[in-house]
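[1] Provided below for reference: sequence and predicted model.
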Amino acid sequence: MSALSARGVHAARHIGNLLRLESFFLRQFRQMPTEGFVRVFGPFADRLSSGILPKSTKEARSWGAREVAGDDTGLPLRPEESTS
């Protein structure tokens, strides 16, 4: 199941990975020119921050936030995609 699919929202166990993905998008935004970020990650970051995460409960988001360390170790990235 894709992290951005509608079914992913309903499983609280996915919230940690969704927050890791949001954190990754934020770090990429800081590193890339705005035009490049919007072209590559824009639709996904927008859907995540305005469509998916707001549907999760506050408790689930706070639980997931405790799991997210702010690094890329929980994401399956290629070496060139790492922001750590």
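    Cool, got the structure. The structure displayed is predicted, hence computed values, not measured ones. Numbering: from 1, shown residues only.
[2] now the residue nearest to the spatial centre of the chain: which helix or strand?
    When the chain is reduced to its mean C-alpha position, the closest residue under C-alpha atoms, centre = their mean turns out to be residue 21, at 2.0 Å. Of the helices and strands defined by DSSP states H and E, residue 21 is found in helix 15-31.
[3] against which helices or strands is that helix packed?
    helix 34-40, helix 42-47, helix 58-67 (3 or more C-beta pairs under 8 Å, 6 or more residues apart in numbering; DSSP states H and E). Every residue, glycine included, has its C-beta placed from N, CA and C.
[4] quick one: it to helix 58-67, angle?
    60 degrees (axes from the mean of the first three to the mean of the last three C-alpha atoms, to 10 degrees).
[5] which among the helices and strands packed on helix 15-31 is found nearest to residue 79?
    If you check each of these against residue 79 by C-beta to C-beta, helix 34-40 wins as the nearest, at 17.2 Å.
[6] in that closest one, what counts as buried?
    Residues of helix 34-40 classed as buried under the neighbour-count rule (16 or more other C-beta atoms under 10 Å) are residue 37.
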